[in-house]
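Engineer: I need the structure of the sequence given here:
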Amino acid sequence: MKQPHSVVPLGKLRAGETAVIVDLEKGDLTLKLMEMGLLPGEKIFVDMVAPLGDPISIKIGNYLLSLRKEEANAVLVRR
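Structural biologist: All right, here's what the predicted structure looks like:
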């Protein structure tokens, strides 16, 4: 059963879901993700997910961003 406010990696969301970024996993991708606008508190909308789950297209702010599954899983979001 899905809990309404659970924290999950962005890569687990499905197309059409919205979430708020709560944290980024620390690692090599952290700075790159932050430079792309993925900051805690930002609201995102999952626009599309490729059939095998990679890449994922999200809307953040006024633009669409495409992320590889590895990058998306480094972003922790609250549904």
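
Engineer: where does the most centrally placed residue in the chain fall, phi/psi-wise?
Structural biologist: Of all residues in the chain, the one closest to the mean position by Cα atoms, centre = their mean is Leu10, 3.5 Å from it. In terms of degrees, to the nearest 10, the main-chain angles of Leu10 are phi -50, psi -30.

Engineer: Could you report the distance from it to Arg78?
Structural biologist: 11 Å (Cβ to Cβ, to the nearest Å). C-beta coordinates here come from the backbone N, C-alpha and C atoms, glycine included.

Engineer: who touches both of those two?
Structural biologist: Ala19 (Cβ atoms under 8 Å, 6 or more residues apart in numbering).

Engineer: circling back to that earlier point, now for the residue nearest to the centre of the chain: which residues touch it?
Structural biologist: Leu10 makes contacts with Ala19, Ile21, Ile44, Val46, Ile56, Ile58, Leu67, Ala72, Asn73, Val75, Leu76, Val77, as judged by Cβ under 8 Å, 6+ apart.

Engineer: count of neighbours near the fifth one?
Structural biologist: Looking back up the chat, that one is Ile56. 24 (other Cβ atoms under 10 Å).

Engineer: I am finished for the moment; much appreciated.
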